[in-house]
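[1] Quick check, what structure comes out for this input:
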Amino acid sequence: MARILVIDDDDTVRLSVRLALEDADHLVEDAGDGEKGVALFRENPADLVVTDIFMPEKEGLETIDEIKRLRPETKIVAISGGGRMDPDDYLTIAKSVGADRSLLKPFDIDNLVEVVDALLNE
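    Prediction:
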């Protein structure tokens, strides 16, 4: 059982991801923005983080960078549905700052669980 932190300002996405990962026997915490997510991570580091890119308080790219500085071995899955640029561009940038994998919203929840499990088994 891995410790996973889900960070997303969309309550529906955050709850869906949390429930799917809990169903896959993971221990999951969640936060509604990057600031709260990093604070939770500092208190109790996760094995893996799933984070949105566009959030209030602290953007996902900044969140990824800070988490990787705190604990470089933490696996990170970046998720995004858009912005001013093509969403794929943001996900490419997320990988350059430390995300191990990225998924474009909307994504298949079963695919997310497969990605998470594969990263945890690397």
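[2] Listing request: residues of this structure with sub-threshold pLDDT.
    Along the chain, the parts satisfying pLDDT under 70 run over 82-91.
[3] now the helices for it?
    Residue ranges of the helices in the chain, as given by DSSP state H, are 11-23, 34-43, 60-70, 87-96, 109-120.
[4] winner for burial among those?
    helix 60-70 (a mean of 20; mean count of other CB atoms under 10 Å). For every residue, glycine as well, the C-beta is placed using N, CA and C.
[5] if we can go back for a sec, what would the helices of the chain look like in a markdown table with distance to residue 1?
    Shown next, in a markdown table, are the helices of the chain (distance: least, CB to CB, whole Å):
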| stretch | distance to residue 1 |
| --- | --- |
| helix 11-23 | 10 |
| helix 34-43 | 18 |
| helix 60-70 | 20 |
| helix 87-96 | 26 |
| helix 109-120 | 10 |
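[6] And those helices: which comes nearest residue 53?
    helix 60-70 (3.7 Å; CB to CB).
[7] Can you dump the C-alpha atoms of that closest one in CSV for me?
    Output of helix 60-70 as CSV, limited to C-alpha atoms (Å, rounded to 0.1, in the frame of the first residue of the first chain):
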residue,chain,number,x,y,z
GLY,A,60,1.1,22.7,-10.5
LEU,A,61,4.5,23.4,-12.1
GLU,A,62,5.6,25.2,-8.9
THR,A,63,4.1,22.4,-6.8
ILE,A,64,6.0,19.7,-8.8
ASP,A,65,9.3,21.6,-8.5
GLU,A,66,8.9,22.1,-4.7
ILE,A,67,8.0,18.5,-4.1
LYS,A,68,10.9,17.2,-6.1
ARG,A,69,13.3,19.5,-4.2
LEU,A,70,11.9,18.2,-0.9
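[8] Now do that helix and helix 34-43, the angle between them.
    For helix 60-70 against helix 34-43, the angle by axes from the mean of the first three to the mean of the last three CA atoms, to 10 degrees is 10 degrees.
[9] Are there helices or strands packed against helix 60-70, and which ones?
    Where contact means 3 or more CB pairs under 8 Å, 6 or more residues apart in numbering; DSSP states H and E, helix 60-70 is packed against helix 34-43, strand 48-52, strand 75-80, helix 87-96.
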